[in-house]
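Colleague: just to be clear, the model below is a prediction. Sequence and coordinates:
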Amino acid sequence: MGHLDHAALGWLTPVLSYVMACIGAALGLRCTVRALGATGRSRRNWLITAASAIGTGIWTMHFVAMLGFSVSGTDIRYDVPLTIVSLLVAVTVVCAGVFAVGYSRDRTRALFLGGLTTGLGVASMHYLGMAAVRLHGDVTYDPVLVGLSVLIAVVAATAALWAALNIKSPIAVTIASLIMGAAVSSMHYTGMFAVGVDVTPSGGVLPGATAMQFIFPLAVGLGSYLFLTSAFVALSPTTGEREASASAQRPVEGAVG
C-alpha cells in the first residue's frame, strides 16, 4: 500500500483550491441574481455564465488540489481526454441545475431536482477526474466515504441553488460563497480520503501528461477566466441600476421635446 499525501506542496494547494471554489461560487451566485432579474435572451446568457463559473470553479478546485496529491513509489500521470470530459461534465450538470431553477415555476421541485442532478454531476466530475489518474498500481475506494462524498456534493449543490434563489445582497453572497467553497472542498477531500493505492513497482513509462504539463496550465487558464468574468460582472450595471438610469433620463428627454 503506497503512502498517499494529499498536500505534498503544503498548505498552498488546499488554500488555493478553496479560494478558486469560493470565487466560482460567488461569481455564479451574482450571475444567477442578475439572471432572475432579467428576461429573454439576457436571462439565458446570465444563467450560462453562472453555470460556467460554478462548474469551472469546482473543476479548478479539484485539480488545483490534485497538484498536491502524491503516492510514494509511483509517478502520477493524467489521461488528457478523460480530464477534459470531467470539465465538460461539471459545466453541463451545473448548467442543467441552474436552468432548472432559473426557469421553473415550481421553485421547490426545481430546487430538489436541480440540487440532486447537480450534486450527482459534481460527484461524477470528481470520480471521472480520479479515473483519469494513471499510476503504477491499483486504486481502491472506501465505499462509505465515497457515499459520504456524494451526499456532501448533493447537499452543497442544493444549498448553492437555494442561495442563488434567496440571497441578493453582496455581503450575503460573499458569506454564502465562503460556505459553499468549504462544502465543495470537504466533498473533494472526503472523496480523496476514500482512496487507497496498492503500488506495483515498475520501470515502465506511464501514459498521459504530468500535472505540471497539463493540469497546471489549464487550471491557470480557467482561473484567469474566473477573474476576468468576475471583473466584467462587477463593472456591468444591475437591472435596478439600468432602470434607475433610464427613469432619470426620461424627464430630460421630455423637457427637450
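Modeller: That came through fine.
Colleague: show me where the chain has strands.
Modeller: Here the chain has its strands, by DSSP state E, at 4-5, 70-71, 76-78, 133-135, 137-141, 195-199.
Colleague: what comes up buried for the third one?
Modeller: So that's strand 76-78. Residues of strand 76-78 classed as buried by neighbour count (16 or more other CB atoms under 10 Å): I76, R77, Y78. Heads up, the C-betas are built off the backbone N, CA and C, glycines and all.
Colleague: same check on the fifth one?
Modeller: Taking 16+ other CB under 10 Å as the neighbour-count basis, strand 137-141 is seen to contain the buried residues G137.
Colleague: nearest residue to T74 other than its sequence neighbours?
Modeller: Distances taken as CB to CB, 6 or more residues apart in numbering place H136 nearest to T74, at 4.1 Å, with adjacent residues excluded.
Colleague: what score does S185 have for pLDDT?
Modeller: Listed pLDDT for S185 reads 90.
Colleague: was I right about it contacting V19?
Modeller: No - here S185 does not reach V19: they are 9.9 Å apart, not a contact under CB atoms under 8 Å.
Colleague: returning to that earlier point: let me have the buried residues of strand 76-78 in CSV, extended by pLDDT.
Modeller: Shown next, in CSV, are those (pLDDT from 0 to 100):
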residue, pLDDT
I76, 88
R77, 90
Y78, 90
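Colleague: out of those residues, who's nearest A50?
Modeller: For the buried residues of strand 76-78, the minimum distance to A50 (CB to CB) is 27.8 Å, reached by Y78.
Colleague: ok, now which ones touch the closest one?
Modeller: A132, V133, R134, G208, A209, T210, A211, F214, I215 (CB atoms under 8 Å, 6 or more residues apart in numbering).
Colleague: beta partners of it?
Modeller: V133, A209 (DSSP bridges).
Colleague: distance check, it against L88.
Modeller: 15 Å (CB to CB, to the nearest Å).
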